[in-house]
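S.K.: Sequence plus the predicted model coming up.
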Amino acid sequence: MRTLLPAEVIYLPMDLKRWTEDTIVCDINEKLLPPDYLDLCDQCYVMGVLEYIYEPEWFLQALQARRVSGSRARTPRVKS
């Protein structure tokens, strides 16, 4: 994601796993979001996690003051 953004955009990564040194580890299902990161942002990209959130209403409410874009995680089709 970082490489796709314009140079003037500050990328603030959050995930369950620390992929890079600047990734903040958070667990949405434990309702643990980093307020300092959220206070800095005006746009949130939620990629591949919405279908795994136990309480999506809570999550979207927590992000209410920001623009939110999202994508679904693709799951492979299983032959029956």
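M.R.: Yes, it's here.
S.K.: Now stretch 35-48: buried residues?
M.R.: By neighbour count on 16 or more other C-beta atoms under 10 Å, the buried set for stretch 35-48 is Leu38, Cys41, Cys44, Val46. In short, each C-beta sits where N, CA and C put it, glycine included.
S.K.: what's next to it, contact-wise?
M.R.: 1, 10, 12, 14, 24, 62-63, 66-73 (C-beta atoms under 8 Å, 6 or more residues apart in numbering).
S.K.: The nearest residue to Leu5 once chain neighbours are set aside and Glu55, how far apart?
M.R.: In this structure, Leu5 finds its nearest non-sequential neighbour in Tyr11, 5.9 Å apart by C-beta to C-beta, 6 or more residues apart in numbering. Distance, Tyr11 to Glu55, by C-beta to C-beta, to the nearest Å: 26 Å.
S.K.: all strands for this structure, in order.
M.R.: For the chain, applying DSSP state E gives strands covering 14-15, 24-25, 43-47, 67-71.
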